[in-house]
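[1] next input, structure requested:
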Amino acid sequence: MCAWRQLPELTGKKILDFGSGFGITAEYLSKNNDVTAVELSNDMIEIGGKKNQSFEQIVGSIETLKQFSDENFDCIICHNVFEYVEDRAIILKEFARVLKKDGFISVVKHNKAGRIMQKAVFDYDINAVKTLLNGGKNISRNFGEIKVYEDEELEVEDFKIAKLYGICTFYGLQDNKIKYQKDWLETMLDIELSVSESDEFRGIAFFHHLILRKE
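    Residues are numbered from 1 along each chain as shown. Here you go, the predicted model:
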């Protein structure tokens, strides 16, 4: 939800959601836009199981990108994808081709410092903290190794970072039982948004949200 609030105005746009997962973001954006969602895992699509689906869902990967025409999309969503692929540069090259000249890419990615904070404060996993601090592998229970990279590594193929936000600065550090309290989610969302562009808080946010635009 936080990332949705940070997106530029999107109404009547043609959007590509690459690595769409359960289809939650694609469904949300399809209320006012024409959305094409591409997801490698058929299992995730089936688990998402959106009723009355209002967007086009494709099972595919980078080969699917090559089937789209040049300058086809106003916006590309790529949330929590690049950490799990080997060919980030190739995907970005295809994004540059299919994105319109005045379009943008929304990328959500792990932030190393934020992940260490969560392991230390929320998970109480001191061994994992030591591993991450010493450059060890960053592992996700569901998706395997998380190949953490720096924000600036996305500034290729003439893309530049136009906006940089923090996501889950406080959310991931609170006990789950607190999250069921009345109005907790909306209050936390307001707090998260209020610090999302602050350097000091963005530095420890669990995720970074980048808006990339063509030069």
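
[2] where in this protein is pLDDT low?
    50-52 (pLDDT under 70).

[3] now the strands for it?
    14-18, 34-39, 56-59, 73-79, 99-110, 139-140, 144-145, 159-167, 207-214 (DSSP state E).

[4] nearest to L7, of the ones you listed?
    Evaluated over the strands of the chain, closeness to L7 peaks at strand 99-110, with 6.0 Å, by C-beta to C-beta. Heads up, the C-betas are built off the backbone N, CA and C, glycines and all.

[5] and the closest one, which strands flank it?
    strand 73-79 (parallel), strand 207-214 (antiparallel) (DSSP bridges).

[6] for I62, find the nearest of those strands.
    Of all those, it is strand 73-79 that lies closest to I62, at 11.7 Å by C-beta to C-beta.

[7] looking at the strands of the chain, which is closest to K66?
    With C-beta to C-beta as the criterion, K66 lies closest to strand 34-39 of the strands of the chain, at 11.5 Å.

[8] what is the orientation angle of that closest one with strand 73-79?
    In terms of direction (axes from the mean of the first three to the mean of the last three C-alpha atoms, to 10 degrees), strand 34-39 departs from strand 73-79 by 40 degrees.

[9] not counting strand 34-39 itself, show me its contacts.
    For strand 34-39, contacts defined as C-beta atoms under 8 Å, 6 or more residues apart in numbering pick out 13-21, 23, 26, 29, 45, 54-61, 64-65, 73.

[10] out of the strands of the chain, nearest to I191?
    The minimum distance between I191 and those falls on strand 159-167, with 11.6 Å, by C-beta to C-beta.

[11] now that closest one: buried residues?
    Buried residues in strand 159-167, counted by 16 or more other C-beta atoms under 10 Å: F159, K163, Y165, G166, I167.

[12] dig out what the first one forms beta bridges with.
    Put plainly, it is F159. Beta bridges link F159 to K214 when assigned by DSSP bridges.

[13] residues touching it, list them.
    For F159, the contact set (C-beta under 8 Å, 6+ apart) comprises L92, F95, A96, I105, L212, R213, K214, E215.

[14] name the residues of stretch 171-189 that are buried.
    Quick answer for stretch 171-189 (16+ other C-beta under 10 Å): Y171, G172, M188.

[15] what do you get for stretch 38-54?
    Neighbour counts over stretch 38-54 (16+ other C-beta under 10 Å) mark V38, E39, L40, S41, I45, G48, K50 as buried.

[16] now the two most distant members of these.
    Spanning the widest gap among those are L40 and K50, at 17.4 Å by C-beta to C-beta.

[17] would you agree Y28 is in contact with L7?
    No. The pair Y28 / L7 is not scored as a contact, 10.1 Å apart, by C-beta atoms under 8 Å.

[18] the chain: helices as residue ranges?
    2-6, 24-29, 42-48, 62-65, 88-98, 112-121, 126-133, 184-195, 199-202 (DSSP state H).

[19] dump the C-alpha coordinates for stretch 188-197 into PDB.
    Provided in PDB are the C-alpha atoms of stretch 188-197 (Å, rounded to 0.1, in the frame of the first residue of the first chain):
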ATOM      1  CA  MET A 188       1.200   3.300  10.500                       C
ATOM      2  CA  LEU A 189       0.800   4.000   6.800                       C
ATOM      3  CA  ASP A 190       0.600   7.800   7.600                       C
ATOM      4  CA  ILE A 191       3.800   7.500   9.700                       C
ATOM      5  CA  GLU A 192       5.600   5.500   7.100                       C
ATOM      6  CA  LEU A 193       4.800   8.100   4.400                       C
ATOM      7  CA  SER A 194       5.800  11.000   6.600                       C
ATOM      8  CA  VAL A 195       9.400   9.700   6.900                       C
ATOM      9  CA  SER A 196       9.700   7.900   3.500                       C
ATOM     10  CA  GLU A 197      11.900  10.700   2.000                       C
END
